[in-house]
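Enquirer: sequence-free structure coming up:
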Ligand SMILES: C[S@@+](CC[C@H](N)C(=O)[O-])C[C@H]1O[C@@H](n2cnc3c(N)ncnc32)[C@H](O)[C@@H]1O
């Protein structure tokens, strides 16, 4: 079975690495997605264990199409009854970029028709009630290259289940996890986020350091599918539980100027049972004081565009540059969309990496 894991631009390498660690085969990174191979149990493992990808899709077919006839024929030639039971619901959604077939509603209609015709041949009926489990069909068309997929995740994988409410500008969970991985968080480290907001970086860092799989507390749409035995999900969940590192020395310090943000972090951490690893306080960055000899600081300070004027955001960068003292055993990792960041912070980063925070192009600066 072939799969595809779409991800944020810039973290395809991390997704490949984690898929290989989870023993998937033929892992291949492309732009904004990684393809890999596995069997039916891979659906459960990839959904439960993928920290950095957005969802897990079964990749049924890739082909070139520039006419609706070609699209119809290619989709119709897939053995749909192998995947969709008679009562399956199969809504079709997708996107098209730089391609002849650019009308999304037309592509949706053609794909749906082609699936119905294929199923009709197998099931001997021409009208499908679609009252059963959901099998969302996804298509992507990039430069006339079409991919036809079935979504196995349902809600995006960034939804871990701990953040029911967020503050004004939360960072996406998958991006926060990637930032922690790039900063090489270990189970004996002390993590700091002095702009913790709803606590995403602190919680993702704790999960990464203690090997807590991100999907362990949520459900996936493919759990409703008859083709995947319930025991596969049970086995993969037990495997994930066995992999958790208990009793590590990892600790995470979080602070924020906003009292409500600290309460939110508290509530979110409780929801994932990682509250005992976190030490939280209300604090202005001006008064930031490290509590340990060594530390890994990861943060996304306020952005001019979203939360406050650029001038105020830059004042904060200046303060950070003064108080984040370069010393042995410390690394400071900061994401910002401000191209002047290093100048205002007052030092050149040892490493820079382009990352996207939603649609905002950012740089992840590492000082160590
Ligand atoms: C972009 S948000 C961080 C979001 C966070 N990563 C999350 O996922 O929820 C920036 C945070 O910086 C906090 N902040 C603003 N000015 C601050 C200051 N002077 N000192 C400390 N925190 C500050 C805000 O209250 C806000 O929660």
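Expert: On my side now, so go ahead. Everything numeric in this text was worked out from a predicted model, so none of it was measured. Residues are numbered from 1 along each chain as shown.
Enquirer: Centre-most residue in the chain?
Expert: residue 174 (3.2 Å; Cα atoms, centre = their mean).
Enquirer: does residue 297 count as helix, strand or coil?
Expert: On the three-state scheme (DSSP: H, G, I helix; E, B strand; the rest coil), residue 297 is labelled strand.
Enquirer: Would you mind confirming that it makes contact with residue 190?
Expert: No. Judged on Cβ atoms under 8 Å, residue 297 makes no contact with residue 190 at a distance of 9.4 Å. In this view, the C-beta of every residue, glycine as well, is placed from N, C-alpha and C.
Enquirer: can you pull out the helices in the stretch 151-300 of the chain?
Expert: For the stretch 151-300 of the chain, helices defined by DSSP state H, counting those that start in this stretch occupy the ranges 173-182, 200-209, 230-243, 259-271.
Enquirer: out of the ones you listed, nearest to the ligand?
Expert: The ligand sits nearest to helix 200-209 of all the helices of the stretch 151-300 of the chain, at 3.3 Å, using Cβ to the nearest ligand atom.
Enquirer: Give me the angle between that closest one and helix 259-271.
Expert: 20 degrees (axes from the mean of the first three to the mean of the last three Cα atoms, to 10 degrees).
Enquirer: Contacts for helix 200-209, please.
Expert: Contact with helix 200-209 is made by 51, 160, 162-163, 170-173, 176-177, 179-181, 185-187, 189, 191, 193, 196, 212-214, 245, 248, 250, 252, 254, 265, 268-269, 272, 274, 277-278, 298-300, as judged by Cβ atoms under 8 Å, 6 or more residues apart in numbering.
Enquirer: so which of these are also by the ligand?
Expert: Among the contacts of helix 200-209, proximity to the ligand is found for 170, 171, 300 (Cβ under 6 Å from any ligand atom).
Enquirer: looking at those, which has the most residues close by?
Expert: Using other Cβ atoms under 10 Å as the neighbour criterion, residue 300 leads those with 25 neighbours.
Enquirer: and it, how far is that from residue 229?
Expert: Distance, residue 300 to residue 229, by Cβ to Cβ, to the nearest Å: 41 Å.
Enquirer: Residue 365 now?
Expert: Residue 365 sits 47 Å away from residue 229, going by Cβ to Cβ.
Enquirer: What parts of the protein come near the ligand?
Expert: 167, 169-171, 194-195, 197-198, 200-201, 256-258, 261, 284-285, 300-302, 316.
Enquirer: Next, find the distance separating residue 49 from residue 71.
Expert: Distance from residue 49 to residue 71, counting by Cβ to Cβ: 34 Å.
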